[in-house]
Structures are given as structure tokens and as C-alpha cells.
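**Q** Build me a model from this:
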Amino acid sequence: MAKNIFRLSVFFILSAAVLAVITPILSINNLLYPVRIDSSYVAQQQIAYEKQRTADENVSTQVFLYGPDQLKINYIDVSLTMKDSTILKGWLAIDTTRMQSPLLFIIPDITEGAINYLSALKQFCDRGFHVCVMNLRGQGNSGGDFYNPGNVSVTDVNYMLEQVKQMPFIGKVALLGTGTGAGIALKVVAQYSSADVVVLQNLPLSLRYLMKKKVETEWGSFVKPFFPVVMRSYEKNTGIHLKEYNYLEIIKKLYTPHLLVTANFLSKKDIEETVKIYNASTYFNKRLYIDTETYLKPTGLSNSKKYYDKISTYINRSLPSTKKRSRFGRLASR
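**A** Okay, here's the model as predicted:
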């Protein structure tokens with residue numbers, strides 16, 4: 001009996017030791033190297049779907065999108081070289097109805113890519129925007145050793161905005177970010193004031209809180225004792241100081257019109273987080289939109305006309321006026 005107890009004790013101790021070593025490594029790898037959502041990934045998904053449909057005729061019809069040309073969008077391929085020579089790629093949908101239109105720049109979440117926003121390209125472009133969506137480092141067909149939701153991506157997005165805004169048909173600028181992309185968008189606007197409006201979808205309370213959620217989702221609640229180890233390892237690998245990314249505090253210093261959105265969400269806690277951040281904001285021009293219809297639905301074709309109308313209307317109402325003063329107006333002001 002005593003031997004069995006001893007063996008069990010040794011087993012549990014060794015298991016805990018293995019978990020303490022393996023959990024941080026695997027969790028950090030998944031955070032640094034998310035699955036690249038690109039055309040190759042979609043092709044694999046379609047093959048798996050077709051096999052399933054062959055085996056089961058009751059499987060519902062699914063649409064697979066590989067590029068903007070499938071939706072007959074007027075677009076150009078965008079390839080921008082960052083200051084360290086890393087090349088980031090995406091698409092720019094062009095509104096051909098006007099000489100100059102506002103730009104909506106979209107930043108995907110860690111588990112997404114530009115390809116997830118193909119339907120958004122068309123929907124927002126049809127509503128009078130030029131729409132640019134880019135894969136960040138470690139995403140889609142972009143370069144980069146790993147995904148970085150910190151100052152590296154904040155600097156990259158600001159640099160990309162500077163490049164795209166030089167195009168003569170680009171007017172005012174709005175940013176839309178989802179998840180970690182929303183955190184990047186918030187930091188870009190708060191740090192550089194490089195956009196006139198920002199839409200923050202599924203913005204987490206903090207980057208640290210988001211990382212803990214992702215690790216717990218993957219490993220279960222029993223890994224909570226190892227969270228500090230995972231976080232320290234993540235900071236060491238990325239150079240990101242997680243305490244600098246408390247979005248609940250950063251939003252208090254945001255003086256740009258902003259719309260907080262919960263959509264395509266997986267948990268009702270996401271709504272609570274969005275409301276909490278909205279209440280923390282002190283700026284007068286802020287709005288809250290909860291899209292309950294997209295609960296447990298992925299980004300893309302599941303988003304309704306109402307979703308695109310709500311976001312487009314807020315952006316248009318919040319963009320600065322571009323009215324030109326006449327000669328008589330100038331004389332009157334002297």
C-alpha cells in the first residue's frame with residue numbers, strides 16, 4: 001500500500017513537472033505562430049468539406065473564398081516593405097464612384113487573415129469606402145518570423161497608413177480592428193493619431209487577459225498555476241511588456257471618435273468586456289453596438305446588412321468635415 005502511494009506521488013510530481021515545461025512552450029508557440037489563414041488554408045478546408053459532404057448529403061452548402069476577384073471587386077494587390085525589409089501583403093478595394101473616398105483600414109485578429117475579410121471588402125466598398133485589409137507579420141501570405149500584437153505591429157500599421165494615404169484618391173481614414181487587431185488599432189490611434197475614426201471589435205480588457213483566455217481555452221482551467229510562467233516566456237520571446245497593453249486604461253486617453261462592437265463572438269463574456277471598455281471611455285463621441293445575430297458565427301459571410309450599415313453610418317457621421325471655405329468666408333473672418 002505504501003509503495004503504491006509513493007508511486008502515485010512520484011507520478012503526480014513528474015506529471016506536474018512535465019506540464020510546467022511543456023505548457024509554456026506549446027502555448028507560446030501557438031501565440032507566436034498562429035495558423036496562417038491564406039488561400040492554401042482555404043483550399044485544405046474545402047477539400048475536407050467536400051469529403052464530408054460526399055459522406056453525408058445532409059451537410060449544408062458552404063462558400064469558400066480565395067480572393068477579391070470572386071466577388072467582382074475593383075481592387076489592387078498591396079505589397080508594402082517595412083523598414084526592416086519585411087514584406088506585408090493584402091488587398092485594397094477601390095470605390096470607383098468618386099474621385100476621392102475615405103479609407104477603411106482593417107486589422108485582422110490573431111486567428112484570422114486578410115482572406116477572412118473578403119466579404120467586408122465588398123460590403124464596405126459598396127458603401128462608399130476604399131477598403132484595405134493587410135496580413136500582419138506571421139499572418140496569411142505576409143513575411144515575418146512570428147505574430148506580434150505589440151509595438152512592432154503598431155509601428156507597421158502606422159507606416160502602412162502613411163504609405164496608403166499618399167494615394168491621391170484616399171480621403172479621411174478610419175481603422176477597424178478585431179481582437180488583437182482592435183488592440184493594435186487602439187494603440188495606433190492613441191499613439192500616432194493617424195486615423196480620424198476607429199472601430200474596435202471584440203477588444204479585450206488587456207493583452208495579458210486575452211493571452212490567459214487563449215491559453216485556458218486550449219489547455220483548460222487546470223493550467224492556471226502555470227499562467228505566470230507562460231506570460232514571462234511570452235514577454236521574453238516577443239519583447240512585449242504586457243502591462244503596457246491594458247486597453248481598459250488606454251481607452252481613457254483616446255480622444256478620437258470610436259465605436260465599440262461585439263460581433264462574431266464565442267462567449268457572452270465578450271459582451272461584458274465590450275461594455276466595460278465602453279464605460280471606461282471618457283470621450284463624448286463614442287458608441288456601442290452589440291451584434292447578437294453573429295453569436296458563435298465566424299467573421300465573413302455571416303455578417304448581415306445591418307452590421308455593415310451600422311459601422312458605415314457611424315464612420316460617415318464621425319469623419320471630419322471636408323467643406324472648403326469660400327473667398328467671402330475668408331474675408332468675413334478677417
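
**Q** going forward, measure contacts between C-alpha atoms and count neighbours the same way
**A** Will do.

**Q** Just checking the distance from the helix or strand harbouring Phe227 to the centre of its chain.
**A** Using DSSP states H and E, Phe227 sits in helix 227-238. Counting by C-alpha atoms, centre = their mean, to the nearest Å, helix 227-238 is centred 22 Å from the centre of its parent chain.

**Q** which is the next helix or strand following that helix?
**A** With elements assigned by DSSP H and E, the helix or strand that comes after helix 227-238 is helix 247-250.

**Q** How far does that next one sit from its chain's centre?
**A** When distances are taken as C-alpha atoms, centre = their mean, helix 247-250 is centred 17 Å away from the chain's centroid.

**Q** tell me which residues in that helix are buried?
**A** Of all the residues in helix 247-250, those buried under the rule 16 or more other C-alpha atoms under 10 Å are 247-248, 250.

**Q** now these as CSV including distance to Lys306 and pLDDT?
**A** Output for these, formatted as CSV (distance: C-alpha to C-alpha, whole Å; pLDDT from 0 to 100):
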residue, distance to Lys306, pLDDT
Tyr247, 27, 98
Leu248, 28, 97
Ile250, 29, 97
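
**Q** Quick one: neighbours of Ala120, just the number.
**A** Residue neighbour count, defined by other C-alpha atoms under 10 Å, stands at 22 for Ala120.

**Q** give me the element it is part of.
**A** Using DSSP H and E, Ala120 sits in helix 118-126.

**Q** neighbouring contacts of that helix?
**A** Applying C-alpha atoms under 8 Å, 6 or more residues apart in numbering, the external contacts of helix 118-126 come out as 65, 67-68, 71, 73, 93-95, 130-133, 300-301, 308, 312.

**Q** Which neighbouring elements make contact with the lengthiest strand in the chain?
**A** Criterion DSSP state E: the longest strand present in the chain is strand 170-178. When contacts are defined as 3 or more C-alpha pairs under 8 Å, 6 or more residues apart in numbering; DSSP states H and E, strand 170-178 packs onto strand 101-107, helix 180-192, strand 197-201.

**Q** Considering helices and strands only, name the one in the chain with the lowest mean pLDDT.
**A** Lowest by mean pLDDT, DSSP states H and E among the helices and strands of the chain is helix 327-332, with a mean of 42.

**Q** circling back: quick one: buried ones out of the contacts of helix 118-126?
**A** The buried subset of the contacts of helix 118-126 (16+ other C-alpha under 10 Å) comprises 65, 67-68, 73, 93-95, 130-133, 300, 312.

**Q** Next step: those residues restricted to strands.
**A** 93, 130-133.

**Q** Grab the nearest non-local neighbour of Asn264.
**A** Nearest residue to Asn264, sequence neighbours excluded (C-alpha to C-alpha, 6 or more residues apart in numbering): Thr294, at 4.8 Å.

**Q** Now do the one you found against Leu301, distance only.
**A** Distance of Thr294 to Leu301, computed by C-alpha to C-alpha, to the nearest Å: 10 Å.

**Q** same question, Thr97
**A** Distance check for Thr97 against Leu301: by C-alpha to C-alpha, it reads 24 Å.

**Q** Likewise for Ile107?
**A** Counting by C-alpha to C-alpha, the gap from Ile107 to Leu301 is 17 Å.

**Q** One more: Ile277?
**A** Distance, Ile277 to Leu301, by C-alpha to C-alpha: 27 Å.

**Q** go on, Asn264?
**A** Noted for Asn264: a distance of 11 Å to Leu301, by C-alpha to C-alpha.

**Q** And Ala195, by the same measure?
**A** 27 Å.

**Q** again with Glu244
**A** With the distance defined as C-alpha to C-alpha, Glu244 ends up 35 Å from Leu301.

**Q** Ser79 now?
**A** 25 Å.

**Q** again, but for Glu272
**A** From Glu272 to Leu301 the distance is 25 Å (C-alpha to C-alpha).

**Q** And for Asp56, the neighbour number?
**A** By other C-alpha under 10 Å, the residues close to Asp56 number 10.

**Q** Also Arg98?
**A** By the criterion of other C-alpha under 10 Å, Arg98 has 10 neighbours.

**Q** same question, the one 3 residues further on
**A** Counted with other C-alpha under 10 Å, residues neighbouring Ser101 total 21.

**Q** Which residue comes closest to it once chain neighbours are left out?
**A** Gly171 (5.2 Å).

**Q** Poorly predicted segments of this protein, please.
**A** Filtered on pLDDT under 70, the chain yields the residue ranges 1-27, 322-334.

**Q** Go again with 80.
**A** 1-27, 56-61, 217-224, 226, 321-334 (pLDDT under 80).

**Q** now the helices for it?
**A** Applying DSSP state H to the chain gives helices spanning 2-32, 39-55, 118-126, 151-164, 180-192, 207-219, 227-238, 247-250, 269-280, 305-318, 327-332.

**Q** could the ones you listed go into CSV alongside distance to Gly138?
**A** Formatted as CSV, the helices of the chain follow (distance: least, C-alpha to C-alpha, whole Å):
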stretch, distance to Gly138
helix 2-32, 8
helix 39-55, 14
helix 118-126, 19
helix 151-164, 11
helix 180-192, 13
helix 207-219, 17
helix 227-238, 13
helix 247-250, 23
helix 269-280, 25
helix 305-318, 28
helix 327-332, 51
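
**Q** Brilliant, that's me finished.
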